[in-house]
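Chemist: okay, predicted coordinates and the sequence, questions at the end:
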Amino acid sequence: MIASKQSKDWKWSGLLAGCIVMVLGMVSSVLLGAVNYNWHTAWDAVFHYDEQVTEQVIIRTTRLPRAFIAAAIGASLAIAGALMQTLTRNPLAAPSVLGVNAGATFLVVLGAVAFSVSSMQVLMMLAFAGAAGAAIIVYVLGSVGRDGLTPLKIVLAGAAMTALFSSFTQGILVLNKQGLNTVLYWLTGTIAGRSPDNLLAVLPYMALCWVAAWLIARDMNLLMMGEDSAKGLGQKTIGIKVTAGVIIVVLAGSSVSVAGPIGFIGIVIPHVSRFFAGVDHRWVIPYCAVLGAILLLGADIAARFIMIPEELPVGVMTAAIGAPFFMYIARKGAARS
């Protein structure tokens, strides 16, 4: 009992420390960049806004939304990755690996380039549809065969769908070269230049899914024990799987519609969260939200300083961080096999 209470206290302490680091990361995102701003200017931009002061306008319309967008998308992708890894029983599962991001990207590019769609609400719905379609196809392909769904089959299906949708996306851009300039920077994954309206359009859906992910955390713990064990304990596994799938699709689709396909957060952060919080999803989900936000905020800040005054897309930074981790997890899994 005492050990359990101490463990819980440590988890709360770690979560609180993470929240503090996240807030510091958001403040740093507002203050730091090609042009640095001081605390006083940032404070006035938030609480004593003056449209005549250029620095306050930049902070209010660019830096502040960018910090919130980074935190929201980082949290969403990390939570989606954690649910996907439990759902598929695969430590390499993530929206960027299993084709979910690629499917969302394809429909968004198709709508923006081929049909000149500019409405954020329409692009968001296209992202949801693309993410859902890709997830369903990958799940069906990964389940085909006598032995049913296996970690290896679902990774292979995800890789195939990622390649297929990426080819479709590139084909659209080849056929419409004028549209290439419109979406090229976005395709690499970026949160630069996104307006507050972009976040406000998807934030209600994201927030609802954050809460829903935590509410099904206990059920995900049962599902992690195996489908037969979960059914034996009275769980309606199909309903939980569908609910988790919807949450993953909404979180991945809304993230892609705002910032493009940012990869590897959904792989890295769930493993880091389990290292600190254990396997209980009631702790893993909040840890994923906080640590995912911290990772994307840190990657975005770093992207501003590598090629001053130019900026690297944040998707490049997360790939540089996540690719070695992906290979480590893959090698570790292969060794166990």
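Modeler: Cool, got the structure.
Chemist: contacts, neighbours, all on C-alpha from now
Modeler: OK.
Chemist: are there helices or strands packed against the helix or strand where Ala17 lies, and which ones?
Modeler: Under the criterion of DSSP states H and E, Ala17 resides in helix 2-31. Applying 3 or more C-alpha pairs under 8 Å, 6 or more residues apart in numbering; DSSP states H and E, one finds that helix 2-31 contacts helix 39-47, helix 64-88, helix 265-277, helix 281-305.
Chemist: chain center to the shortest one, what's the gap?
Modeler: Taking C-alpha atoms, centre = their mean, to the nearest Å, one finds helix 39-47 lying 29 Å from the centre of the chain it belongs to.
Chemist: stretch 152-159 too?
Modeler: The chain centroid and the centroid of stretch 152-159 are separated by 20 Å under C-alpha atoms, centre = their mean.
Chemist: and that stretch, what's buried?
Modeler: By neighbour count with 16 or more other C-alpha atoms under 10 Å, stretch 152-159 contains the buried residues 153-159.
Chemist: what does stretch 268-285 give?
Modeler: Across stretch 268-285, burial judged by 16+ other C-alpha under 10 Å covers 268-274, 277, 281-285.
Chemist: repeat that for stretch 112-129.
Modeler: 112-113, 120, 123-129.
Chemist: can you tell me what sits against it?
Modeler: 103-105, 107-108, 111, 172-173, 176, 179-180, 182-183, 198, 201-202, 249-250, 252-254, 256-258 (C-alpha atoms under 8 Å, 6 or more residues apart in numbering).
Chemist: can we see that at 7 Å?
Modeler: 104-105, 107-108, 111, 179, 198, 201, 249-250, 253-254, 256-257 (C-alpha atoms under 7 Å, 6 or more residues apart in numbering).
Chemist: rewinding a little: may I ask which two of the buried residues of stretch 268-285 are separated the most?
Modeler: Val268 and Arg282 (18.5 Å; C-alpha to C-alpha).
Chemist: among the contacts of stretch 112-129, which are in helices?
Modeler: Secondary structure from DSSP state H places 104-105, 107-108, 179, 198, 201, 249-250, 253-254, 256-257 of the contacts of stretch 112-129 in helices.
Chemist: can you flag the buried ones in the residues you listed?
Modeler: Among the ones in helices among the contacts of stretch 112-129, the ones that count as buried by 16+ other C-alpha under 10 Å are 104-105, 107-108, 179, 198, 201, 249-250, 253-254, 256-257.
Chemist: in TSV, list the residues you listed along with distance to Val57.
Modeler: Shown next, in TSV, are these (distance: C-alpha to C-alpha, whole Å):
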residue	distance to Val57
Ala104	33
Thr105	31
Leu107	34
Val108	30
Gly179	30
Asn198	18
Ala201	22
Val249	35
Val250	32
Gly253	30
Ser254	27
Val256	27
Ser257	25
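Chemist: dump the residue contacts of the most centrally placed residue in the chain.
Modeler: Nearest to the mean C-alpha position of the chain, by C-alpha atoms, centre = their mean, lies Leu77 at 1.7 Å. Contacts for Leu77 were tallied using C-alpha under 7 Å, 6+ apart; they are 251-252, 265-266.
Chemist: one step back: quick one, which of the contacts of stretch 112-129 has the minimum pLDDT?
Modeler: On pLDDT alone, Gly179 ranks lowest of those, at 63.
Chemist: helices along the stretch 51-200 of the chain, start to end?
Modeler: 54-58, 64-88, 100-109, 120-143, 151-175, 177-187, 196-215 (DSSP state H, counting those that start in this stretch).
Chemist: could you work out which of these reaches nearest to Gly14?
Modeler: helix 64-88 (16.4 Å).
Chemist: tell me which of the buried residues of stretch 112-129 is nearest to Ala244?
Modeler: Ala244 has its nearest neighbour among those in Phe128, at 14.4 Å by C-alpha to C-alpha.
Chemist: distance of Ala42 from Val108?
Modeler: From Ala42 over to Val108 the distance is 34 Å, taken as C-alpha to C-alpha, to the nearest Å.
Chemist: which one of the buried residues of stretch 268-285 sits closest to Met224?
Modeler: Closest approach to Met224 among these (C-alpha to C-alpha): His281, at 9.7 Å.
Chemist: doesn't Ala217 make contact with that closest one?
Modeler: Yes - using C-alpha atoms under 7 Å, His281 is in contact with Ala217, at 4.8 Å.
Chemist: burial of Ser195, as a residue count?
Modeler: 17 (other C-alpha atoms under 10 Å).
Chemist: my bad, should have said Gly111
Modeler: Neighbours of Gly111 using other C-alpha under 10 Å come to 18.
Chemist: how near is it to Ala293?
Modeler: 29 Å.
Chemist: Lys241 now?
Modeler: Lys241 is 25 Å from Ala293, where distance means C-alpha to C-alpha.
Chemist: same drill for the two, tell me which one is more crowded.
Modeler: For the pair Lys241 and Ala293, the greater number of neighbours falls to Ala293 (33 against 19), based on other C-alpha under 10 Å.
Chemist: which pLDDT value does the model give the more buried one?
Modeler: At Ala293, the model reports a pLDDT of 97.
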